[in-house]
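Chemist: heads up, no residue letters with this:
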């Protein structure tokens, strides 16, 4: 998943929360000027509202990540080219006990299957970054 967490009283807005959480979870200080914007808010499975924030971190090779072991089990990346290959894209179908069904995106064939809210945010980001290709 992406860095994230609850908004603290000291956070001015969703962007401030995202920048703080990225610093706390990955040890990366992202300048507010690197923020491109905020995607539409989404509900999570617990009824909380998630406000995805998109920022440019620059080349990954230039970053020094220091994941917080209390919050981050593993860090991995997937190249944009991988996410755009049709053979790596799919959908998962769910049905609730009440019979309600829904479909969510899933990204396959990487170090891990990317699904759930992480896949939804990834899909929204791809639609923004490469319209017409995804």
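Modeler: That came through fine. Computed from a predicted model, the values in this text were never measured in an experiment.

Chemist: measure the nearest residue to residue 111 once chain neighbours are set aside to residue 95 for me?
Modeler: Residue nearest to residue 111 in three dimensions, not counting chain neighbours: residue 76, with 4.9 Å by CB to CB, 6 or more residues apart in numbering. C-beta here means a position set from N, CA and C on the backbone, and glycine is covered the same way. Note on residue 76: its distance to residue 95, by CB to CB, to the nearest Å, is 30 Å.

Chemist: Of all the residues in the helix or strand that contains residue 122, which ones are buried?
Modeler: In this structure, residue 122 is located in helix 116-129 according to DSSP states H and E. The neighbour-count check on helix 116-129 (16 or more other CB atoms under 10 Å) flags 117, 118, 119, 120, 121, 122, 123, 124, 125, 126 as buried.

Chemist: my read: residue 94 touches residue 103, true?
Modeler: Yes. Counting by CB atoms under 8 Å, residue 94 touches residue 103, with 7.4 Å between them.

Chemist: Would you map out the domains in this structure?
Modeler: Here the domain parsing of the chain from the TED database is 1-73, 76-133.

Chemist: Tabulate those domains (a markdown table), appending mean pLDDT.
Modeler: A markdown table is the format used below for these (pLDDT from 0 to 100):
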| stretch | mean pLDDT |
| --- | --- |
| domain 1-73 | 93 |
| domain 76-133 | 94 |
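
Chemist: circling back to that earlier point, helices or strands next to the helix holding residue 122 in the packing?
Modeler: Helix 116-129 is packed against strand 42-43, helix 80-84, strand 101-107, with contacts defined by 3 or more CB pairs under 8 Å, 6 or more residues apart in numbering; DSSP states H and E.

Chemist: got the contact list for the residue lying closest to residue 39 once chain neighbours are set aside?
Modeler: Taking CB to CB, 6+ apart, and ignoring the residues beside it in sequence, residue 39 has residue 52 as its nearest neighbour in space, at 4.1 Å. Neighbour list for residue 52: 2, 38, 39, 41, 42, 121, 124, 125 [criterion: CB atoms under 8 Å, 6 or more residues apart in numbering].

Chemist: Now residue 52, what are its backbone angles?
Modeler: Torsion angles at residue 52 (phi, psi; degrees, to the nearest 10) stand at phi -70, psi 140.
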